[in-house]
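Student: fold the stuff below for me.
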Amino acid sequence: MRLLQSEDASSKTLTRGPIASTLARFSLPLTTTLLLHSVVGSWSAFWVSRTLGANELVAVINANIIVGLLMAVIFGFGATAGIFIGQAIGANDLDSAKKLFGTAMTFAMSSGFFLALIGYLGVHSIADLLHMPLEARGASIAYFQIFCLSLPTLFAYVFASQILRSIGDARTPFIFSSLWIGLSFVLTPLFLTGIFGLPQFGLAGAAMASCIANALAVVMMALYVYQKDHQIALRGAELRYLRLTPNILFRLAKKALPTSIESIIVQGSYFALLFLVNAQGTATAAGYAASAQLWGYVGIPVIAIPASMSAMAAQNIGAGQWVRVEKIMLYGCALTVLATTSLAVITWSLGDLPFLLFLPEGSIALQSALEINSIAVWSIPLLAITSSLFAIVRANGSMLAPAVIFTVTMWGLRIPFAYLMEPVLGAAAIWWSFPLSAFMSALLAILYYRTGSWRSGSLFPAESSVARVLQ
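Tutor: Residues are numbered from 1 along each chain as shown. Got it, this is the predicted structure:
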């Protein structure tokens, strides 16, 4: 076993020094990346709605829900691989980290090809299942099928970014996410409108822009990792780690399965609600699509800060520093709730101003967006509590409890409430199901964090080295 001789400076700061400032600083690159992604998403939605109309905006949201469901299938695997590798780095074992990295990346690419094929061939059946509005159906299918072509590189990029952040390198994913975003920002209007003599691809052009930008970003990031001789770059004999090692794959899958199920549960709940949203008509669906654009900004801290919390906690657990783990939870949860609440208040106070980017003034869709946002946006600060606590418990390999809690609150509460109360409350039942289920998730997450057995487990038992566990 080759031990890590000198840790990366950014990795060192995760297990020592001040916690609050380190967490904020470590979260900043991912926060900025997500912000830029949201800006590009809004930029694309602006061009789609202004150039093609509200029906195409509905098509984008329907297609994105399907993409999210496919991503959910393997997202937990990437998150779990990052936690394993973070603990291996915390235990000062670089060779085991590379073994984990090789298997994870090969699995990501293979899964991308498989799900791309399934998604491309099965999109018509999914559109039927969603009762997708006829006005948006054709555009949704074309957009989604083109997007499927990017799944292998998209999965590879997401996995690599998760793993790099887990070992304390937030800078590299930020650099190449910025490249991806910048290319999308330029290519989207070009492909949508066909200016400068380019072919006018319509809505399909938005998917094409994302595919090209993502492919270039992942290739450039791989070249950069090797050029900088990054600590997880595989060279020479280490390239054999790219083979799918059954023992490593089994251990990753065993821990990742609950998280993947959790992601499917969460994305699946949006999928199920989309059936109700589409049934309300195109105007309501367009209002929901515009609201989802806004929620992308409010929800940035819910993703960025807990992801950083999990990386910090994993390394500190690997180093046996449990006092710091508790402090990471307290500071991280407070920061996430404060950030999301502030953004929700700003969003609500702006009224219809942000929605006018996507919807015509005085339209029924605009009124729907205002109603939706005034109710559902307040679920995001509640979700911040849940995500922060789950980030810590997952860092020690406790994946099942979060999945169970989301199953209960999403499918045992949110979906039944929306479907049963829709005949009484109308579309408002859908929007009220968001804060109701988020409140219950937060309560159960607090209860599990305080009384659950998540601290007693470990990815790598104390009596075993990381390398021995992976043999």
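
Student: excluding residues flanking it in the chain, which one is nearest the spatially most central residue of the chain?
Tutor: The C-alpha lying nearest the average C-alpha coordinate of the chain belongs to Ile303 (CA atoms, centre = their mean; 6.8 Å). Nearest in space to Ile303, with sequence neighbours left out and distances taken as CB to CB, 6 or more residues apart in numbering, is Leu34 at 6.0 Å. For glycine as for every other residue, the C-beta is placed from the backbone atoms N, C-alpha and C.

Student: what helix or strand is that neighbour located in?
Tutor: Per DSSP states H and E, Leu34 falls inside helix 19-51.

Student: hang on, isn't the residue nearest to the centre of the chain packed against Leu35?
Tutor: No - applying CB atoms under 8 Å as the test, Ile303 and Leu35 come out as separate, 10.8 Å apart.

Student: do you know how far the residue nearest to the centre of the chain is from His230?
Tutor: Distance, Ile303 to His230, using CB to CB, to the nearest Å: 24 Å.

Student: what residues are up against Arg414?
Tutor: Counting by CB atoms under 8 Å, 6 or more residues apart in numbering, Arg414 touches Ser269, Leu273, Ser433, Phe434, Leu436, Ser437.

Student: and those residues, which are buried?
Tutor: Taking 16 or more other CB atoms under 10 Å as the criterion, what is buried in those is Ser269, Leu273, Ser433, Phe434, Leu436, Ser437.

Student: coming back round to it: just confirm the residue nearest to Ile303 contacts Ile305, I think it does.
Tutor: No - Leu34 is not in contact with Ile305 according to CB under 8 Å; the separation is 10.5 Å.

Student: now go through the contacts of Arg414 and say which are in helices.
Tutor: Judged by DSSP state H, the contacts of Arg414 include Ser269, Leu273, Ser433, Phe434, Leu436, Ser437 as members of helices.

Student: tell me the confidence at Val298?
Tutor: In this model, Val298 is scored at 92, pLDDT.

Student: check which helix or strand covers the closest residue in space to Arg235 that isn't next to it in sequence.
Tutor: Leaving aside its sequence neighbours, Arg235 sits nearest to Tyr226 (CB to CB, 6+ apart; 7.9 Å). Assigned by DSSP H and E, Tyr226 falls within helix 203-227.

Student: same check on Val345?
Tutor: Using DSSP H and E, Val345 falls within helix 322-349.

Student: and that helix, what does it pack onto?
Tutor: Where contact means 3 or more CB pairs under 8 Å, 6 or more residues apart in numbering; DSSP states H and E, helix 322-349 is packed against helix 19-51, helix 282-298, helix 300-318, helix 364-376, helix 379-395.

Student: ok, the residue nearest to Ile303 - contacts?
Tutor: Contacts for Leu34 (CB under 8 Å, 6+ apart) come out as Ile300, Ile303, Ala304.

Student: can you tell me how far it sits from Trp47?
Tutor: Between Leu34 and Trp47 the distance is 20 Å, computed by CB to CB.

Student: check Phe275 too.
Tutor: Separation of Phe275 from Trp47 (CB to CB) stands at 28 Å.

Student: and those two? which has more neighbours close in?
Tutor: More neighbours surround Trp47 than the other of Phe275 and Trp47, with 20 against 14 (other CB atoms under 10 Å).

Student: please name the nearest non-neighbouring residue to Thr172.
Tutor: In space, Thr172 comes closest to Leu164 once its chain neighbours are excluded; the distance is 5.3 Å by CB to CB, 6+ apart.

Student: any idea how many residues pack against that neighbour?
Tutor: The number of residues near Leu164, taken as other CB under 10 Å, comes to 24.

Student: do the one 4 residues further on as well
Tutor: The burial count assigned to Gly168 is 25, neighbours taken as other CB under 10 Å.

Student: ok so, going back, tilt between the helix holding Leu34 and helix 322-349?
Tutor: Between the axes of helix 19-51 and helix 322-349, defined by axes from the mean of the first three to the mean of the last three CA atoms, to 10 degrees, the angle is 30 degrees.

Student: next, the buried residues of helix 19-51.
Tutor: For helix 19-51, burial by neighbour count (16+ other CB under 10 Å) applies to 19, 22-24, 26-27, 29-34, 36-38, 40-49.

Student: again with stretch 211-222
Tutor: Cys211, Ile212, Ala213, Asn214, Ala215, Ala217, Val218, Met221, Ala222.

Student: that older thread, what about the one helix or strand the residue nearest to Thr172 maps to, average pLDDT?
Tutor: Per DSSP H and E: Leu164 is located in helix 151-166. Helix 151-166 carries an average pLDDT of 84.

Student: okay, the angle between it and helix 300-318?
Tutor: If you take the same axes, to 10 degrees, helix 151-166 sits at 60 degrees to helix 300-318.
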